[in-house]
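Novice: sequence below, structure please.
(one chain, ligands or ions: 2)
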Amino acid sequence: MISVKAYAAQSATAPLAPFSFERRDLRPDDVQVNILYCGVCHSDLHQVRDEWGGSMYPMVPGHEIVGKVAAVGTAVTKYKVGDTVGVGVIIDSCNTCKHCQADYEQYCVEGATGTYNAMERDGVTVSQGGYSSGIVVKGKFVLKVDDRLNLSAVAPLLCAGITTYSPLRFAGVKSGMKVGVVGLGGLGHMGVKFAVAFGAEVSVLSTSPSKEADAKRLGATNFILTTDKEQMKQYGSYFDIILDTVSANHNFTGYLNLLGLEGKLLVVGLPPEAPKVAPFSLISNRRSIIGSMIGSMKETQEMLDFCAEHNVVADVEVIAAADINNAFERLVKNDVKYRFVIDMNTL
Ligand code: NAP
Ligand code: ZN
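Specialist: Numbering: from 1, shown residues only. Ligands and ions are numbered 1, 2, ... in the order given. Now for the predicted structure:
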């Protein structure tokens, strides 16, 4: 067994605290990764605080992992010791269903296995995530990372990056389209960067007036304060696509009304309570709501390669592991620019 250091939550109300546990010895198809950086996703906070229900403790969160290969199993040929790699939101799937066969592991019919807070496919091990010094993962769920990039800023690509890249690609975002991004946080700021990189005219829809200058710096043309009724009215039926990354409870209707003919609301935010939808706002302009969950391993690699080619990385605040509880408090207050990333050397 491989001993690792970590930060873990012991219950929904306890702060994260130092924790030690064992990773499994390598199976033939496994890769062992020494973790350098792990991003702090709002999903970590939702699950630590059991906001979605069913959380398991102790819980080591973290699914935006970048590190170096420390060892490989006997059957692994794709990676060697010292390679720079990433691990994202899923670490396994059934590998045989029609979705897995079609490179949609994230939509595995049996359910893909989460990097933490999930029962692994052996039926007894609860997965533990990246707020730790190392992880052992099946090679198929390990991604190649170009080490010419700033690795702390690459870590968030493994969740915030792919979760915004995938729906924007699915919706065919390109030059000439008007795209709105709701919520300028970890996912939102990546959504802006990708939509700009794909050539769209991008608007940020935010509750935080203080984020206007950053929105423009990230490439947005317009900044819309969603609490201002006049501004919202002005953009009625304006957008082709709106990407909703909001983590808190909210209502879809106000955003739907901003979509033009056959406009699409792409939903990736996962608030604790189900958002309300007014059917009249949906039938007007034949609008639709489309959900999207992370991306496949193939598409995640495509996204990482796109980022390396176009020099797209996250805007990060690198923190020490001991600062994680403070970072969670700031996340709840929308006070992050724009992703916290833990430096695992501080564990
Ligand atoms: P985050 O960094 O905290 O950003 C969320 C943003 O939402 C905030 O910065 C804020 O932006 C906005 N917001 C907060 N409260 C709001 C409210 N009451 N009304 C409107 N906007 C509000 O969170 P994140 O890490 O980007 O994650 C966002 C959500 O995506 C979370 O629910 C997370 O669990 C989910 N997620 C989904 C997937 C997936 O596969 N679909 C993957 C990862 C994460 P402004 O200050 O600009 O308003
Ligand atoms: Zn995430």
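Novice: of all the residues in the stretch 1-150 of the chain, which one is nearest ligand 2?
Specialist: Cys41 (2.9 Å; C-beta to the ion). Quick note: C-beta positions are derived from backbone N, CA and C, even for glycine.
Novice: I'd like to know how far the one residue in the stretch 101-250 of the chain that gets nearest to ligand 2 sits from Leu261.
Specialist: Nearest residue of the stretch 101-250 of the chain to ligand 2: Cys159, at 3.2 Å (C-beta to the ion). From Cys159 across to Leu261, the span is 33 Å (C-beta to C-beta, to the nearest Å).
Novice: so which of those two has more stuff around it?
Specialist: Cys159 (28 against 10; other C-beta atoms under 10 Å).
Novice: tell me the spacing between the more buried one and Pro167.
Specialist: Counting by C-beta to C-beta - Cys159 and Pro167 are separated by 14 Å.
Novice: what of Asn34?
Specialist: Remark: distance between Asn34 and Pro167 (C-beta to C-beta) = 32 Å.
Novice: you'd agree the residue of the stretch 101-250 of the chain closest to ligand 2 is up against Thr300?
Specialist: No: in terms of C-beta atoms under 8 Å, Cys159 does not count as a neighbour of Thr300; the distance is 9.5 Å.
Novice: need the residues touching each of these two.
Specialist: Common contact partners of Cys159 and Thr300 (C-beta atoms under 8 Å, 6 or more residues apart in numbering): 88, 294.
Novice: ok, and what's touching the helix or strand harbouring Lys216?
Specialist: Assigned by DSSP states H and E, Lys216 belongs to helix 212-217. With C-beta under 8 Å, 6+ apart as the contact definition, helix 212-217 has outside contacts at 184, 189, 192, 204, 206, 223, 337-338.
Novice: buried subset of those residues?
Specialist: Buried by 16 or more other C-beta atoms under 10 Å: 184, 189, 192, 204, 206, 223, 338, out of the contacts of helix 212-217.
Novice: so which of those residues comes closest to Ile319?
Specialist: Proximity of the buried ones among the contacts of helix 212-217 to Ile319 (C-beta to C-beta) peaks at Tyr338, which lies at 13.5 Å.
Novice: gap between the closest one and ligand 2?
Specialist: When distance is defined by C-beta to the ion, to the nearest Å, Tyr338 is 14 Å away from ligand 2.
Novice: would you list the phi and psi of that residue?
Specialist: Backbone torsions for Tyr338, taken as degrees, to the nearest 10, come to phi -120, psi 10.
Novice: contacting residues around the residue lying closest to it once chain neighbours are set aside?
Specialist: Counting by C-beta to C-beta, 6 or more residues apart in numbering, Tyr338 lies nearest to His189, which is 3.9 Å off, once chain neighbours are set aside. Shown in contact with His189 (C-beta under 8 Å, 6+ apart): 160, 214, 218, 314-315, 338-339.
Novice: avg pLDDT for the helix or strand that His189 is a member of?
Specialist: In this structure, His189 sits in helix 186-197 according to DSSP H and E. On average, the pLDDT along helix 186-197 is 98.
Novice: run me through the strand neighbours of whichever helix or strand comes after it, direction for each.
Specialist: Later in the chain than helix 186-197, the nearest helix or strand by DSSP H and E is strand 201-206. Its sheet considered, strand 201-206 pairs with strand 178-182 (parallel), strand 222-225 (parallel) by DSSP bridges.
Novice: any chance of the ones you listed in CSV, plus distance to ligand 2 and mean pLDDT?
Specialist: Formatted as CSV, the strands paired with strand 201-206 follow (distance: least, C-beta to the ion, whole Å; pLDDT from 0 to 100):
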stretch, distance to ligand 2, mean pLDDT
strand 178-182, 17, 99
strand 222-225, 25, 98
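Novice: tell me the most buried of those?
Specialist: strand 178-182 (a mean of 28; mean count of other C-beta atoms under 10 Å).
Novice: quick one: the helices in the stretch 51-200 of the chain?
Specialist: Taking DSSP state H, counting those that start in this stretch as the criterion, the stretch 51-200 of the chain carries its helices at 98-101, 151-154, 160-170, 186-197.
Novice: actually, the stretch 201-347 of the chain.
Specialist: Going by DSSP H, counting those that start in this stretch, the stretch 201-347 of the chain shows helices at 212-217, 229-234, 253-256, 279-283, 297-310, 324-332.
Novice: redo those helices as JSON lines? Include distance to Val136, mean neighbour count and mean pLDDT.
Specialist: Formatted as JSON lines, those follow (distance: least, C-beta to C-beta, whole Å; neighbours: other C-beta atoms under 10 Å; pLDDT from 0 to 100):
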{"stretch": "helix 212-217", "distance to Val136": "38", "mean neighbour count": "15", "mean pLDDT": "98"}
{"stretch": "helix 229-234", "distance to Val136": "48", "mean neighbour count": "12", "mean pLDDT": "97"}
{"stretch": "helix 253-256", "distance to Val136": "41", "mean neighbour count": "20", "mean pLDDT": "97"}
{"stretch": "helix 279-283", "distance to Val136": "45", "mean neighbour count": "12", "mean pLDDT": "97"}
{"stretch": "helix 297-310", "distance to Val136": "17", "mean neighbour count": "18", "mean pLDDT": "98"}
{"stretch": "helix 324-332", "distance to Val136": "22", "mean neighbour count": "17", "mean pLDDT": "98"}
